[in-house]
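**Q** next comes the sequence, and after it the predicted model I'd like to discuss.
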Amino acid sequence: KAGVTQTPRYLIKTRGQQVTLSCSPISGHRSVSWYQQTPGQGLQFLFEYFSETQRNKGNFPGRFSGRQFSNSRSEMNVSTLELGDSALYLCASSLDSGDVQYFGPGTRLTVT
Amino acid sequence: KQEVTQIPAALSVPEGENLVLNCSFTDSAIYNLQWFRQDPGKGLTSLLLIQSSQREQTSGRLNASLDKSSGRSTLYIAASQPGDSATYLCAVRPEFTKFYFGSGTKLNVKP
């Protein structure tokens, strides 16, 4: 069974631009969660989607948004990028909330 | 708000040694706790998931225990190998809400 895939793997953007990251969960998984990982703040939860509905949300500004499609694939969007948004963005999928989470390799975003 | 602490932040041991990694959390009302490993620049690999009703879980050389009342979990690694070198993270999940991650323990197993 294929694992969680994230595209693109690396991205360089300029301050003020917007970016969209994509996550394809393991087949049959309906829950997708997004995390931001930085050296200073560690792993921080962004949001979780289940069956196209946002179930939980972390403490991030409204510039961070997401959505989930009927096939469980999810996208995350960051508008008006700031230097501090430079991070590794990780996506995780699970059968349902509370089940074992399987992580993708991440998207490394650099904002210049 | 749930806070998760992992001690030590870094650990260096010779190959073959048994070791224990610690994770503590402030709110004992948890749904489950999961241990992960992360290799440099990569995503997380799930190691063990312990439900709140369980006391421990085992997988190969790994054993994780959970003591909800004291807000502690330990990950025991038997007969460590250089391939075990990675950062180990624990994540606590309150009732159907987001995961709270610790900052991790960076393990180096010397050949």
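**A** Cool, got the structure. Numbering: from 1, shown residues only, chains lettered A, B, ... in the order given.
**Q** tell me the mean pLDDT over stretch A:27-45?
**A** Stretch A:27-45 carries an average pLDDT of 93.
**Q** right, is it up against chain B?
**A** Yes. Using C-beta under 8 Å from any C-beta of the partner chain, stretch A:27-45 comes into contact with chain B via A:33, A:35, A:42-45. Glycine gets a C-beta too; all of them are placed from N, C-alpha and C.
**Q** same question, stretch A:8-16
**A** No. Using C-beta under 8 Å from any C-beta, stretch A:8-16 stays clear of chain B, with a minimum separation of 10.3 Å.
**Q** what's the closest non-adjacent residue to residue B:28?
**A** Once flanking residues are discounted, residue B:28 sits nearest to residue B:68: 4.8 Å by C-beta to C-beta, 6 or more residues apart in numbering or on different chains.
**Q** show me the contacts for that neighbour.
**A** The contact partners of residue B:68, taken as C-beta atoms under 8 Å, 6 or more residues apart in numbering or on different chains, are B:28, B:30, B:52.
**Q** go on, residue A:19?
**A** Going by C-beta under 8 Å, 6+ apart, residue A:19 touches A:11, A:13, A:77-78, A:81, A:109.
**Q** please apply the same query to residue A:78.
**A** A:18-19, A:21, A:63-65, A:85, A:109.
**Q** of these, buried ones?
**A** The neighbour count (16 or more other C-beta atoms under 10 Å in any protein chain shown) marks A:19, A:21, A:64-65, A:85, A:109 as buried among those.
**Q** would you point out the most distant pair within those residues?
**A** Using C-beta to C-beta, the buried ones among the contacts of residue A:78 reach their maximum pairwise distance at A:65 and A:109, which is 15.1 Å.
**Q** any idea how many residues pack against residue A:89?
**A** Residue A:89 has 23 neighbouring residues, counting by other C-beta atoms under 10 Å in any protein chain shown.
**Q** for chain B, which residues are neighbours of chain A?
**A** B:31-32, B:34, B:36, B:41-46, B:49, B:89, B:91, B:93, B:96-104.
**Q** if we use 6 Å, what do you get?
**A** B:31, B:42-44, B:46, B:49, B:96-99, B:101, B:103 (C-beta under 6 Å from any C-beta of the partner chain).
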